[in-house]
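coords please:
(2 chains)
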Amino acid sequence: MLKILLERYRQGFRTMDWPDGPPPHLPERFRGAPVIDASRCPDGCRACAEACPTACITLDPVPRVDLGRCLFCTDCQTACPAGALSFADGFSLATSRREDLVTDGHVLEKAKALDAEARRLFGHSLKLRQVSAGGCNACEADTNVLGTVGWDLGRFGIQFVASPRHADGLLLTGPVSANMELALLKTWEAIPAPKLVIAVGACAISGGPFLDHPEVRNGVDGILPVDLYIPGCPPHPLTILDGLLRMLGRLPEGRGRAADTGVAR
Amino acid sequence: MDFFAVAGESIHEVGVGPVHAGIIEPGHFRFQCHGETVFHLEISLGYQHRGVERALLGGPPKRALHLAETLAGDTTIGHAVAYCEAMEALAGTVAPPRAQAIRAVALELERLANHVGDLGALAGDVAFLPTASWCGRVRGDFLNMTATICGNRFGRSLVVPGGVGFDVPEAMANDLRKRLAAAERDAQGAVDLLWDASSVMARFEDTGVVPTSVASELGLVGPAARASGLARDVRHDHPSGLYKLASIPVSTASKGDVYARARVRWLETVRSIAFVRDALSTLPKGPVRAPMGSARPDTVVASLVEGWRGEIAHVAGTDSEGRLSTYKVVDPSFHNWMGLAMALRDQAISDFPLCNKSFNLSYCGHDL
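Coordinates of the predicted model:
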């Protein structure tokens, strides 16, 4: 017992201050939204769009990136002959609408708070049932990490529960494999209304690297109504938490202000 | 679907999944029980099938590396190295020594994150919260070291055909060594408590035993095999890259119970930390990426990597044009799921979560 107490003292208190204080330090090489500086693009060059493994870049009339498909890999950056492509350093990337994920890197309609009635119901106590439908366990792991002492999701009243009957919503990962579609729908039906859907990761939003595989359904769109899109492959835990808090209206102006979409570098 | 069934007085069946209680991948389990005692566990998978092998044929396609990275997302580095070594073998390209060293560092960081995280989860499954809490955090420290190298906690885009996509400058290597030492101290302090707590040992010891003979007959791999007394480790038996020069001792135990699997995980943690520390101090000079040649036609290659769960095997074959005509992947989980089923024989069904976590197998790695 004494050893446990001593070790407890030594390990210290490590729960992060964010969103009341600064966010945890992200590494220099962290990749937020890709940003294309069109002024540096050589005439007619399509190297980035052609290199993109999920066809998430369109160049006409102005360069745009679909964050819902983006794997945040470096294939576009490596292919660019002019150094026109960089990644912003911001982690706040979640949106309420699918179309808001299509961005030029600077304008991003961030996730909006739910309406007053939904906030009254869920704002201080949100129970979620997680379903992985073809997820590779990366999005799952970095969602799970929010329950550890460093992130302490419980302080926001958000909790992952075992039974869909106890849940207020469903957090989906994975491209919705054909073999999981029925189980996903049954889980959804078992959640009492009103209920939310949160799509985490490129797979759940668009199919990600499995886009158009006959074995998957290209994500949750068209299967369930989505309230929150959290892009990434996988999203950083901070991106997930930021999205959840924005949806619940718990990141008012002035708090979490550093949580911007970031600047190109 | 037909399942095994046991008949008789007081026999009952417990079905679980595909959607489980926690944040975890889907799979279906059927327990044939007599009271609390499990006679047999049948594991029915396939829910996670995404058609990765098929998608690679005729290519490699643009997405090939990303498909390899997501074969099992918690083993991004392991599968990416196996894929890249296969592609390099087909092309006759050799990744530069510095790239091979960075790959080994990343592979061991992946092992460290998962081993330490799982030791915490094992503690959580027996309600020993101090270790559960701290290991959950220390796991993140290792993931963040990988993110320092390549920007992503799981190592996405780090390993690329021909080498690595990111160099580790000297200042970064020094910083990583410092953070490694801090994480080692925190992990040691958290995990040491496990072995001293009689309430933990009472649950770990003699639970979920897989005898050496069974492990051998099933062909178990990785820490699960080594905990049952089988000294097999690709890093030792078929080393490639940095492992040819810097060996890691094979960590084994004999009893094959949850305690043995936890103990082997910890021994490997200690040895991986020492390996990473040395590797970061002695990174070879030179480039980190070699230009890839084109794949030779009518060739078959195999690559083996010791991922944190065990042996990862990729086999690639080309047609007369040099395109992929065969691509097969064997994740360690493919071998080890049956080991979990055997570990549950004659166990209390309430020990299932503990036994399951002591293997912590991949569902999508099995279903691909």
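
quick one: contacts for the residue in chain B positioned nearest to chain A?
Residue nearest to chain A within chain B: B:Gly73 (3.1 Å; CB to the nearest CB). (Each C-beta comes from the backbone N, C-alpha and C, glycine too.) Contact partners of B:Gly73, counting by CB atoms under 8 Å, 6 or more residues apart in numbering or on different chains, are A:Gly135, A:Cys136, A:Asn137, A:Ala138, A:Cys139, A:Glu140, A:Ala141, A:Pro234, B:Phe154, B:Cys364.

and the helices in the stretch 151-300 of chain B?
Using DSSP state H, counting those that start in this stretch, the helices found in the stretch 151-300 of chain B span residues B:170-196, B:198-204, B:212-218, B:222-227, B:234-237, B:258-281.

buried sites along the last one?
Going back to what we said before, that points to helix B:258-281. By 16 or more other CB atoms under 10 Å in any protein chain shown, the buried positions in helix B:258-281 come out as B:258-273, B:275-277, B:279-280.

that helix close to chain A?
No. Contact of helix B:258-281 with chain A (CB under 8 Å from any CB of the partner chain) is absent, the minimum separation being 15.8 Å.

now tell me what touches the helix or strand that comes right after that helix from outside.
The helix or strand immediately downstream of helix B:258-281 is strand B:300-307, counting by DSSP states H and E. Under the criterion CB under 8 Å, 6+ apart, residues B:75, B:77-79, B:81-83, B:85-86, B:89-90, B:107, B:110-111, B:222, B:233-235, B:238, B:240, B:311-318, B:326, B:331-332 lie in contact with strand B:300-307.

now do the nearest residue to A:Pro63 once chain neighbours are set aside: how many residues are near it, please.
Distance criterion CB to CB, 6 or more residues apart in numbering or on different chains; nearest residue to A:Pro63, sequence neighbours excluded, is A:Ile36 at 3.8 Å. A:Ile36 has 24 neighbours, counted by other CB atoms under 10 Å in any protein chain shown.

what sits against A:Ile36?
Counted by CB under 8 Å, 6+ apart, A:Ile36 has contacts A:Cys48, A:Ile57, A:Pro63, A:Val65, A:Ala84, A:Leu85, A:Asp104, A:Gly105.

same check, this time on A:Thr148
By CB under 8 Å, 6+ apart, the neighbours of A:Thr148 are B:Ser133, B:Gly136, B:Arg137, B:Arg139, B:Gly140.

where is the longest strand in chain A?
The strand spanning the most residues in chain A, taking DSSP state E as the definition, is strand A:126-132.

list the neighbouring strands of that strand plus their orientation.
Here strand A:126-132 is paired, per DSSP bridges, with strand A:158-160 (parallel), strand A:169-173 (parallel).

got the residues of the stretch 1-150 of chain B near chain A?
B:18-19, B:21-26, B:46-52, B:55, B:62-63, B:65-67, B:69-74, B:76, B:130, B:133-134, B:136-137, B:139-140, B:144, B:147-150.

buried subset of those, written for ChimeraX?
In ChimeraX, a selection of the buried entries from these looks like this (16+ other CB under 10 Å):
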select /B:18,19,23,24,25,26,46,47,48,49,50,51,52,55,63,65,66,67,69,70,71,72,73,74,76,130,133,134,136,137,139,140,144,147,148,149,150
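
which residues sit against the host helix or strand of B:Phe352?
Assigned by DSSP H and E, B:Phe352 falls within helix B:352-359. Helix B:352-359 is contacted by residues B:29, B:31, B:38, B:41, B:118, B:121-122, B:125-126, B:203-204, B:207-208, B:224, B:258, B:261-262, B:336-337, B:339-340, B:343-344, B:347 when judged by CB under 8 Å, 6+ apart.

filter the contacts of strand B:300-307 down to the ones in strands?
B:Glu311, B:Ile312, B:Ala313, B:His314, B:Val315, B:Ala316, B:Gly317, B:Thr318, B:Thr326.

determine which two of those are furthest apart.
B:Glu311 and B:Thr318 (23.5 Å; CB to CB).

ok, back up a step: quick check on the residue nearest to A:Pro63: phi, psi?
Phi and psi for A:Ile36, reported as degrees, to the nearest 10, are phi -110, psi 120.

that one and chain B: what is the separation?
To chain B, A:Ile36 is 18 Å away according to CB to the nearest CB, to the nearest Å.

is that residue bridged to anything, and to what?
Beta-bridge partners, per DSSP bridges, of A:Ile36: A:Leu85.
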